[in-house]
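Novice: with the input below, show me the fold.
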Amino acid sequence: MKTTSLPLLIPVRKQRSLPGTFSWSKTPILSTARDVDTLALQQLVDDLKRHKRIRAKIAYSATGVGDLTIQRDPSIKGKEAYRLVVKEDGITIKASSDTGVYYAIQTLRDMLHISGNTIECCQIDDFPDFKRRGIYYDVARGKVPHIETLKSLIERLAHWKLNEFQIYIKNTFTWASHPNIGKGFSPYTPADILEIQAHCRLHNIRFVPSIATLSHSELTLQLPEYRHLAELPGFHGWEGGTMLCPTDPKSLKLTKELHNEFLPLFESTDVNLCCDEPWELGRGRSKRAADRTSRGEVYLNFLLKIHKNCEKLGKRMNIWGDIVLKYPELIKKLPKNVVMLNWDYSATGGNIPRTKEFVDAGLPVIACPGTSGWQRHGTDLPNAIGNVSNFARTAKKYGIDGILNTDWGDFGHRNPLGVSLHGYAHSAAHSWNTKAVDDEIFTEIFAKHVFNDVERMPDAIKILGECASLPLSDSRGLYHTLVEPLRLPTNRFLKSFKLTPLVSHYPNDFPNFIDQSNPDALRTVTELLSQKDLWPKADATLPQFEKRAFADYKLAATMDLISSQHAILGQAYRSGAPLPSVKYSDWADAMTSLMQSFAENWNLRNRPSRLAENLKLMRLAEKECRQIAKTTK
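Specialist: Numbers count the residues shown, from 1 in each chain. Below is the predicted model:
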């Protein structure tokens with residue numbers, strides 16, 4: 001495919017060709033009457049200079065004279081709608097709102113990127129499919145990004161016309177009323193939250209809070225002063241289990257105190273209180289109440305209490321929909337202003353069509369696919385693409401409020417941020433105009449727009465993305481076999497190194513993926529990712545954020561390669577097949593080099609948080625291979 005034939009990354013609603021072409025002069029004038037347009041216009045100025053060595057100038061004029069002129073036009077219906085007209089004598093943007101102007105400039109920036117100095121004349125009339133178009137990023141189980149990292153990410157999301165950003169908080173916030181909860185997790189302060197929010201506002205993005213509520217509370221319940229609130233102490237290897245007891249008034253008191261301090265920091269009316277996966281529900285201290293009514297009713301009663309507190313705070317409660325779908329009799333009992341976040345991370349997931357159940361009940365709904373990046377170093381690309389596409393079509397069919405693409409960080413969050421950008425952009429395209437997205441060529445479009453490479457980068461992205469979908473037995477396998485001990489994994493191994501659940505991220509046994517992995521698939525991964533010229537050289541003109549994203553891809557490929565080699569060694573060792581000691585020592589050397597790259601990459605983008613624990617697991621795997629090498633001929 002020729003570069004010039006590639007379409008826009010975020011497809012427009014309607015584009016009509018006009019005669020002629022427009023050519024940028026060496027010193028074009030970008031004219032507006034509003035200061036608020038400066039930010040987006042400056043982005044265009046920077047792009048013109050970086051890509052085309054054109055020195056544009058912003059002019060403020062009510063008469064609108066320039067190579068590019070911006071006009072506020074109330075006849076353009078919709079806050080996010082705009083009209084972009086390219087003629088031989090200049091470019092005109094019309095919109096009724098500041099947001100519409102911002103999005104029109106983002107489209108023009110992409111047109112510049114793919115068309116060069118000369119743009120074919122056209123008229124674009126554009127507006128989105130969904131009013132909520134978001135990305136959800138986990139900052140709770142490993143990585144806590146630097147503020148500057150999030151700001152750079154926010155700018156990219158806004159460029160792709162996304163308008164909502166959520167970060168998942170468990171222990172990564174400094175509560176004045178409960179200071180011990182955030183200790184040791186590199187938490188955000190209230191000032192940090194306000195700074196992130198201000199940057200979101202500049203770029204027309206709503207910053208929506210998301211906080212673990214009721215469930216996924218294992219880190220808090222590890223602390224002695226909160227352990228008495230646990231539903232089932234000891235569950236899944238955690239001393240305090242993973243969820244609060246929903247029938248204990250003190251659990252509700254703690255929840256309200258955390259919410260009352262955190263939620264008012266956010267301008268957004270919507271708040272995501274999670275409430276997903278309460279695994280111990282009705283099995284511990286709330287069992288008597290559950291036996292008397294049902295587990296679903298116990299869950300509902302807690303929801304109604306925190307919903308009431310949301311109302312007092314002037315917030316609209318959003319919750320994950322998995323438990324309500326598990327107990328569908330609850331749907332009709334929920335307040336009609338509770339937003340259901342219907343998630344399913346499989347391309348053919350059974351919860352996708354169940355969106356209809358929420359719609360039929362008159363509840364607002366958001367479709368929540370995923371990047372398929374967590375518990376993987378790369379992304380399971382085929383599943384991620386299918387998951388977003390199928391959810392988007394269903395969302396469009398039922399006319400729901402929006403799409404929120406989720407990106408989690410289970411088991412230490414080793415998955416690099418840059419690899420997730422493909423998923424973010426893909427869901428952004430479907431969120432804006434799902435019918436016009438061509439999934440077959442999306443990776444080529446993405447590679448051109450983000451990395452300015454269509455020759456080799458698309459194939460490299462696809463190879464990495466397809467490694468996880470090979471028949472390894474489980475697409476998460478390569479993530480875990482990187483640090484899974486070659487000796488048969490037992491709790492005795494964990495105890496011998498004094499690994500606590502908090503440190504290791506593996507509360508019970510390591511998942512045994514080495515034995516389960518398909519040897520042929522492991523060899524295929526090794527061959528694919530060992531290719532000398534797999535990755536092109538990064539374009540020198542790329543901004544720093546994209547250069548780091550490029551490095552993220554290479555790091556992910558290295559981790560998958562070393563992991564597949566580790567699994568091959570493990571299968572040989574466990575079966576008693578003789579291997580020369582150099583095989584183990586060479587792998588240990590590769591792990592030593594990887595640890596250095598991993599730490600450097602982590603520190604560039606993130607606060608320390610769980611870095612030390614990840615390195616400890618990697619160091620243990622390296623140490624074990626050196627020990628085996630010493631005892632092997």
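Novice: can you give me the strands in the stretch 101-250 of the chain?
Specialist: Along the stretch 101-250 of the chain, counting by DSSP state E, counting those that start in this stretch, strands occupy 118-126, 132-138, 164-169, 206-211.
Novice: how far does the first one sit from its chain's centre?
Specialist: To tie it back to what came earlier, the one meant is strand 118-126. Its chain's C-alpha centre and that of strand 118-126 lie 32 Å apart, by Cα atoms, centre = their mean, to the nearest Å.
Novice: strand partners (parallel or antiparallel) of it?
Specialist: strand 14-23 (antiparallel), strand 82-87 (antiparallel) (DSSP bridges).
Novice: so what's the residue most central in space within the chain up against?
Specialist: Nearest to the mean C-alpha position of the chain, by Cα atoms, centre = their mean, lies D407 at 3.0 Å. Counting by Cβ atoms under 8 Å, 6 or more residues apart in numbering, D407 touches 135-138, 370-371, 373-374, 420, 423-424. In this view, the C-beta of every residue, glycine as well, is placed from N, C-alpha and C.
Novice: picking up where we left off before, from the strands paired with strand 118-126, which stretch is densest packed?
Specialist: Each of the strands paired with strand 118-126 was given a mean neighbour count from mean count of other Cβ atoms under 10 Å, and the largest, a mean of 21, is that of strand 82-87.
Novice: what pLDDT, on average, does it get?
Specialist: When pLDDT is averaged over strand 82-87, the result is 98.
Novice: next structured bit after it?
Specialist: Secondary structure here is assigned by DSSP states H and E; on that basis, the next helix or strand after strand 82-87 toward the C-terminus is strand 90-95.
Novice: quick check: can you name the pairing partners of that next one and their directions?
Specialist: Applying DSSP bridges to the sheet, strand 90-95 is found paired with strand 68-72 (parallel), strand 82-87 (antiparallel).
Novice: export those to JSON lines and tack on distance to A361?
Specialist: Listed next are these as JSON lines, based on distance: least, Cβ to Cβ, whole Å:
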{"stretch": "strand 68-72", "distance to A361": "40"}
{"stretch": "strand 82-87", "distance to A361": "35"}
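Novice: quick one: closest of the ones you listed to K305.
Specialist: Go through the strands paired with strand 90-95 one by one with Cβ to Cβ and the one that ends up closest to K305 is strand 82-87, at 43.7 Å.
Novice: let me see the domain layout of the chain.
Specialist: 3-126, 132-362+398-437, 462-630 (automatic domain parsing).
Novice: I figured S475 was touching S469, is that so?
Specialist: Yes - counting by Cβ atoms under 8 Å, S475 sits close enough to S469 to count as a contact (6.1 Å).
Novice: what's the overlap in contacts for the two?
Specialist: The overlap between the contact sets of S475 and S469 (Cβ under 8 Å, 6+ apart) consists of 380, 383.
Novice: any weak-confidence spans in this structure?
Specialist: Within the chain, the segments meeting pLDDT under 70 span 1-5, 488-511.
Novice: recalculate using a threshold of 90.
Specialist: Along the chain, segments meeting pLDDT under 90 span 1-6, 50-53, 61-65, 113-117, 236-238, 468-476, 487-513, 516, 578, 632-633.
Novice: what's the first helix or strand after the lengthiest helix in it?
Specialist: Taking DSSP state H as the assignment, the helix of the chain that covers the most residues is helix 544-575. Heading C-terminal from helix 544-575, the first helix or strand you meet, by DSSP H and E, is helix 581-605.
Novice: got the CA positions of the following helix or strand past that next one in PDB?
Specialist: Read in the C-terminal direction, the helix or strand following helix 581-605 is helix 611-630, with elements assigned using DSSP H and E. Output of helix 611-630 as PDB, limited to C-alpha atoms (Å, rounded to 0.1, in the frame of the first residue of the first chain):
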ATOM      1  CA  LEU A 611       9.600  -1.600  40.200                       C
ATOM      2  CA  ALA A 612      11.600  -3.300  43.000                       C
ATOM      3  CA  GLU A 613       9.200  -6.200  43.300                       C
ATOM      4  CA  ASN A 614       9.300  -6.800  39.500                       C
ATOM      5  CA  LEU A 615      13.100  -6.700  39.500                       C
ATOM      6  CA  LYS A 616      13.200  -9.100  42.500                       C
ATOM      7  CA  LEU A 617      11.200 -11.700  40.600                       C
ATOM      8  CA  MET A 618      13.300 -11.300  37.500                       C
ATOM      9  CA  ARG A 619      16.500 -11.500  39.600                       C
ATOM     10  CA  LEU A 620      15.300 -14.800  41.200                       C
ATOM     11  CA  ALA A 621      14.700 -16.300  37.800                       C
ATOM     12  CA  GLU A 622      18.200 -15.200  36.800                       C
ATOM     13  CA  LYS A 623      19.800 -16.500  40.000                       C
ATOM     14  CA  GLU A 624      18.000 -19.900  39.600                       C
ATOM     15  CA  CYS A 625      19.400 -20.400  36.100                       C
ATOM     16  CA  ARG A 626      22.900 -19.600  37.300                       C
ATOM     17  CA  GLN A 627      22.500 -22.100  40.100                       C
ATOM     18  CA  ILE A 628      21.300 -24.800  37.600                       C
ATOM     19  CA  ALA A 629      24.300 -23.900  35.300                       C
ATOM     20  CA  LYS A 630      26.700 -24.600  38.100                       C
END
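Novice: nearest spatial neighbour of P74, chain-adjacent residues omitted?
Specialist: Taking Cβ to Cβ, 6 or more residues apart in numbering as the measure, P74 lies nearest to S96, with 5.1 Å between them; neighbours along the chain are not counted.
Novice: now find how far off-centre stretch 104-120 is within its chain.
Specialist: A distance of 27 Å separates the centroid of the chain from that of stretch 104-120, by Cα atoms, centre = their mean.
Novice: the residue nearest to S609 when sequence neighbours are not counted: what's it in contact with?
Specialist: For S609, the nearest residue in space outside its immediate sequence neighbours is S186; the separation is 4.1 Å by Cβ to Cβ, 6+ apart. Neighbour list for S186: 144, 172, 606-609 [criterion: Cβ under 8 Å, 6+ apart].
Novice: farthest pair in the residues you listed?
Specialist: Using Cβ to Cβ, the pair of the contacts of S186 lying farthest apart is T172 and P608, separated by 12.0 Å.
Novice: those two - which one has more neighbours?
Specialist: Taking T172 and P608 together and counting by other Cβ atoms under 10 Å, T172 has the greater number of neighbours (24 against 13).
Novice: buried residues in stretch 197-206?
Specialist: For stretch 197-206, the neighbour count (16 or more other Cβ atoms under 10 Å) marks 197, 199-200, 202-206 as buried.
Novice: typed the wrong thing, it's stretch 523-543
Specialist: Of the residues in stretch 523-543, those buried under the neighbour-count criterion (16+ other Cβ under 10 Å) are 524-526, 528-529, 534-535, 538, 542.
Novice: ramachandran angles for the closest residue to V338 other than its chain neighbours?
Specialist: For V338, the nearest residue in space outside its immediate sequence neighbours is M317; the separation is 5.2 Å by Cβ to Cβ, 6+ apart. Main-chain torsions, M317, degrees, to the nearest 10: phi -80, psi 130.
Novice: residues near M317, how many?
Specialist: Other residues within reach of M317 by the criterion other Cβ under 10 Å amount to 23.
Novice: same check on the one 10 residues further on?
Specialist: Here the count is done by other Cβ under 10 Å, and Y327 has 17 residues near it.
Novice: I'd say it and G296 touch.
Specialist: Yes - in this structure, Y327 is within contact of G296 by Cβ under 8 Å, at 3.1 Å.
Novice: tabulate the CA atom coordinates of stretch 400-420 in CSV.
Specialist: Presented in CSV, the C-alpha positions along stretch 400-420 are these (Å, rounded to 0.1, in the frame of the first residue of the first chain):
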residue,chain,number,x,y,z
ILE,A,400,-25.6,3.5,24.1
ASP,A,401,-23.6,6.3,25.6
GLY,A,402,-20.1,5.3,24.7
ILE,A,403,-17.0,3.1,24.7
LEU,A,404,-14.4,2.9,27.4
ASN,A,405,-11.3,0.9,26.4
THR,A,406,-9.6,-0.6,29.4
ASP,A,407,-5.9,-1.3,29.9
TRP,A,408,-5.0,-3.2,33.1
GLY,A,409,-1.8,-3.9,35.0
ASP,A,410,-2.3,-7.3,36.7
PHE,A,411,0.7,-9.0,38.3
GLY,A,412,3.1,-6.1,38.4
HIS,A,413,2.2,-4.2,35.3
ARG,A,414,5.3,-5.2,33.2
ASN,A,415,3.3,-4.5,30.0
PRO,A,416,4.7,-1.3,28.5
LEU,A,417,2.5,1.7,27.8
GLY,A,418,3.7,2.3,24.2
VAL,A,419,2.3,-1.1,23.1
SER,A,420,-1.1,-0.1,24.3
